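**Student:** Below is the structure, and that's it, no one-letter string:
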DNA sequence: CTTGCTATTGACAGAGTGACAACAACTTGT
DNA sequence: ACAAGTTGTTGTCACTCTGTCAATAGCAAG
């Protein structure tokens, strides 16, 4: 008789299992709203016992926060290819790179950041705020305006505000198809150029 | 002995009861995220039996959608006071009016629209999209550019994108306090002026 | 006071979540 | 090769929350 000791389940490294569950959670949370996704669904999707989710993430909410954190984290720009030209040129490059990032994440990004729900959630708020801050900081550096130290706070603030338009424009492009990439590129480039080149100096005199 | 026939509960008109429950729901959903608010909480807040919520709104989700719809609906601008001056003047007026609206709703507005959660929710998406569309349409008319019919779709699209910056800037102002109203006013005015006066014509040639 | 309408309640069944002790896959030492 | 230890994983239990529905009670009309 065969001594096939086929194990009923495989024992993975904690990090691997964590990633696997996280992947499934990202997929499901991207498809329907929070309350419509049960931990049972996620567990089934991952081929795992439901309790394991609590073991790794504490609670459903904990898992959700991890998903949010993972999704909103924007990769850091590779500044080695940034041109040394005028402000307009560097802005154009930065915007192009931003659109590449959005394009790469595509539907997932939109599915995730597209919906603004109702409900004050301090923790989610915090994660989002940090991501926006990093993105803004990153953009400012890429454009090469890091030297304007004294008014750095205000600069980053208006860049974060600009980030709101980036998201909205991205949605128009990706989900609604009401604007082409070229159009979004043009709009964001001109707007950011005006913002940094014209409006920002005006702001400092206020 | 007192024949006080003190009624245990009052019988209200359906519309009144609906409003009352909706008010409480708005308050609670504004304080904590969806999953943290139970229908029991809402019922207790309204001094009402839990089942009544289902009677009026069908489900917890139904009530939530009503709350969202109520909160994101922006009042229509009173165009009787719009100046007839240059584009810049009309834009300035419109932005000022927008900031008045934001200021009036203040914390509630921010608490409600501030958090962008994760989770694709078609119904919420639809409500938000409609609200954005109305706001954009309203803004376009107030600024007096309703005559550019042929490219109306693109115009509204970029104005909606601009709406993203309005929200983000409003958050910087109201919640984070990183920008003053005057600064927000300046930024949005210049950006919108450039968007409508410069970028939009460029866009049409694309 | 009685009757009828219906807004409102209270209880019940089903589903989902978190905690925890027992189990089994894998590793290490002999 | 085997035994013992480690710990990733499971399955169950108690609790909370939601939606349904028949029964109740406030209120107006006759």
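**Tutor:** Arrived safely, thanks for sending. Keep in mind that this is a model prediction, so the values were computed, not measured. Numbers count the residues shown, from 1 in each chain, chains lettered A, B, ... in the order given.
**Student:** ok, longest helix in chain A?
**Tutor:** The single longest helix within chain A, with elements called by DSSP state H, is helix A:87-113.
**Student:** Starting from that helix, tell me the next helix or strand along the chain.
**Tutor:** helix A:122-143 (DSSP states H and E).
**Student:** and the angle from that next one to helix B:87-113?
**Tutor:** Put simply, helix A:122-143 runs at 140 degrees to helix B:87-113, going by axes from the mean of the first three to the mean of the last three Cα atoms, to 10 degrees.
**Student:** Please work out the average pLDDT along stretch A:164-176.
**Tutor:** For stretch A:164-176, the mean per-residue pLDDT is 92.
**Student:** scratch that, stretch A:80-99 is what I was asking about
**Tutor:** pLDDT averaged over stretch A:80-99 gives 88.
**Student:** Helix, strand, or coil at residue A:83?
**Tutor:** Following DSSP: H, G, I helix; E, B strand; the rest coil, we place residue A:83 in the coil state.
**Student:** measure it to residue A:144 for me?
**Tutor:** Residue A:83 sits at a distance of 10 Å from residue A:144 (criterion: Cβ to Cβ, to the nearest Å). Any C-beta I mention is one placed from the backbone N, CA and C, and that applies to glycine too.
**Student:** One more: residue A:103?
**Tutor:** 24 Å.
**Student:** picking up where we left off before, other SSEs contacting the longest helix of chain A?
**Tutor:** Helix A:87-113 is packed against helix A:14-31, helix A:60-72, helix A:122-143, helix A:152-171, helix A:181-194, with contacts defined by 3 or more Cβ pairs under 8 Å, 6 or more residues apart in numbering or on different chains; DSSP states H and E.
**Student:** what's the pLDDT at the most centrally placed residue in chain A?
**Tutor:** Central residue of chain A (Cα atoms, centre = their mean): residue A:72, 2.5 Å from the mean position. At residue A:72, the pLDDT value in this model is 84.
**Student:** before we move on, back to that, need the residues touching each of residue A:83 and residue A:144.
**Tutor:** Counting by Cβ atoms under 8 Å, 6 or more residues apart in numbering or on different chains, the residues touching both residue A:83 and residue A:144 are residue A:90.
**Student:** Let me see the contact set for residue A:32.
**Tutor:** B:119, B:120, B:121.
**Student:** how does it look with 10 Å?
**Tutor:** By Cβ atoms under 10 Å, 6 or more residues apart in numbering or on different chains, the residues touching residue A:32 are A:41, A:111, B:119, B:120, B:121, B:122.
**Student:** swap in residue A:130?
**Tutor:** Per Cβ under 10 Å, 6+ apart, neighbours of residue A:130: A:69, A:72, A:73.
**Student:** Any chance of those residues in TSV with distance to chain B as columns?
**Tutor:** TSV is the format used below for the contacts of residue A:130 (distance: Cβ to the nearest Cβ, whole Å):
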residue	distance to chain B
A:69	10
A:72	8
A:73	12
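**Student:** ok, so of these, who is nearest DNA strand C?
**Tutor:** Of all those, residue A:69 has the smallest distance to DNA strand C: 17.2 Å, by Cβ to the nearest atom of the strand.
**Student:** thinking again about what came up before, adding pLDDT, write the contacts of residue A:32 out as a markdown table.
**Tutor:** What follows is these, written out as a markdown table (pLDDT from 0 to 100):
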| residue | pLDDT |
| --- | --- |
| A:41 | 98 |
| A:111 | 60 |
| B:119 | 77 |
| B:120 | 78 |
| B:121 | 83 |
| B:122 | 87 |
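**Student:** Would you show me how to pick out the buried ones of these in PyMOL?
**Tutor:** Filtering these down to the buried ones (16 or more other Cβ atoms under 10 Å in any protein chain shown) takes a single PyMOL command:
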select buried, (chain A and resi 41+111) or (chain B and resi 119+120+121)
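**Student:** pLDDT-wise, which helix or strand of chain A ranks last?
**Tutor:** Least confident helix or strand of chain A, by mean pLDDT, DSSP states H and E, is helix A:87-113 with a mean of 83.
**Student:** Helix A:152-171 and that one, what's the angle between them?
**Tutor:** Using the same axes, to 10 degrees: helix A:87-113 against helix A:152-171 is 60 degrees.
**Student:** by how many degrees do helix A:87-113 and helix A:14-31 diverge?
**Tutor:** 90 degrees.
**Student:** could you give the angle of helix A:87-113 to helix A:181-194?
**Tutor:** 120 degrees.
**Student:** what is the orientation angle of helix A:87-113 with helix A:60-72?
**Tutor:** Using the same axes, to 10 degrees: helix A:87-113 against helix A:60-72 is 150 degrees.
**Student:** That concludes my questions; thank you for your assistance.
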